[in-house]
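1. Quick one, structure for this:
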Amino acid sequence: MPNLNAAIITVSDKGSRGERSDTSGPALCAILEADGWTIVHTEIVSDDLPNIEAALVHCSDTLKVPLTLTTGGTGFTQRDNTPEATKAVIERETPGFPELMRAESFKLTPNGILSRAVAGIRGGTIIINLPGSERAARECLGFILKPLKHAIVMTAHDSVEHN
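-> Here you go, the predicted structure:
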C-alpha cells in the first residue's frame with residue numbers, strides 16, 4: 001500500500017483574511033486521519049485563481065502528496081474559482097468522483113447538483129474539489145473515501161511503472 005499522505009486546501013476569501021474560522025478543512029483532516037491517512041499540509045487561500053493554482057501545484061510538484069482535497073469555491077458566485085484553477089493544473093480529469101458526489105448529494109438535497117466540483121490527476125497527485133460547507137464537505141468525502149484508496153494505489157503504481 002502506498003503512503004496515504006494528504007493535503008487539504010481551504011479556498012475562502014474570508015478565511016484567508018482571518019475573518020472566518022475554517023471548519024471544513026479541520027473536519028476533512030479528522031475524517032482522513034480516522035481512516036489511516038496522514039495530513040502533511042493544510043493551507044487557506046483566497047478565491048483568486050493564481051493563489052489556488054499555486055497551492056495545487058505546490059502540493060503536487062513540490063510536496064508530491066498523493067491526495068489533495070480542496071474545500072470551497074465550487075459554487076455559482078463570481079469568486080468561486082476552484083474548478084477553473086483545478087482544470088488549469090490537472091493533466092487528466094477523473095469525473096467519477098464529482099459525479100458520485102453530486103448524485104449522492106442530490107439524494108440529500110436537490111441543491112446537491114449545483115456543485116461545479118471537478119477532480120483530476122497531476123503527476124502522482126489526485127486533486128478533488130469538495131464543497132465549502134463543513135456538512136457538505138464531510139458528506140462528499142464520505143461518498144468517495146473507499147474508491148479513493150484504490151485510486152491512490154493505481155496512481156502510485158502507475159507513477160512507479162513510468163519512472
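2. What average pLDDT does the longest helix seen in the chain get?
-> For the chain, the helix with the greatest residue count under DSSP state H is helix 134-161. Helix 134-161 carries an average pLDDT of 86.
3. Over to stretch 41-49?
-> The average pLDDT for stretch 41-49 rounds to 97.
4. for stretch 66-81, same thing?
-> In this model, stretch 66-81 carries a mean pLDDT of 96.
5. That one: how far from the chain's middle?
-> Mean-position distance between stretch 66-81 and its chain equals 8 Å (CA atoms, centre = their mean, to the nearest Å).
6. how far does it stretch from start to finish?
-> This stretch, stretch 66-81, spans 23 Å end to end (CA to CA, to the nearest Å).
7. One more: stretch 31-47?
-> Stretch 31-47 end-to-end distance (CA to CA) = 24 Å.
8. For it, buried residues please.
-> Buried residues in stretch 31-47, counted by 16 or more other CB atoms under 10 Å: 31-32, 37, 39-41, 43-47. Every C-beta, even on glycine, is put in place using the N, C-alpha and C of the backbone.
9. elements contacting the longest helix of the chain?
-> The helices and strands touching helix 134-161, judged by 3 or more CB pairs under 8 Å, 6 or more residues apart in numbering; DSSP states H and E, are helix 24-34, strand 67-71, helix 96-108, strand 125-130.
10. Kindly export the third one (C-alpha atoms) in CSV.
-> In CSV, the C-alpha atoms belonging to helix 96-108 read as follows (Å, rounded to 0.1, in the frame of the first residue of the first chain):
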residue,chain,number,x,y,z
GLY,A,96,-16.3,9.8,-11.4
PHE,A,97,-15.5,11.4,-8.1
PRO,A,98,-17.6,14.6,-8.7
GLU,A,99,-20.3,12.7,-10.5
LEU,A,100,-20.7,10.4,-7.5
MET,A,101,-20.6,13.3,-5.1
ARG,A,102,-23.3,15.2,-7.0
ALA,A,103,-25.5,12.1,-7.4
GLU,A,104,-25.3,11.2,-3.7
SER,A,105,-25.7,14.8,-2.6
PHE,A,106,-28.9,15.1,-4.7
LYS,A,107,-30.4,12.3,-2.7
LEU,A,108,-30.0,14.5,0.4
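11. Enumerate every residue touching T42.
-> Shown in contact with T42 (CB atoms under 8 Å, 6 or more residues apart in numbering): 7-10, 25, 29.
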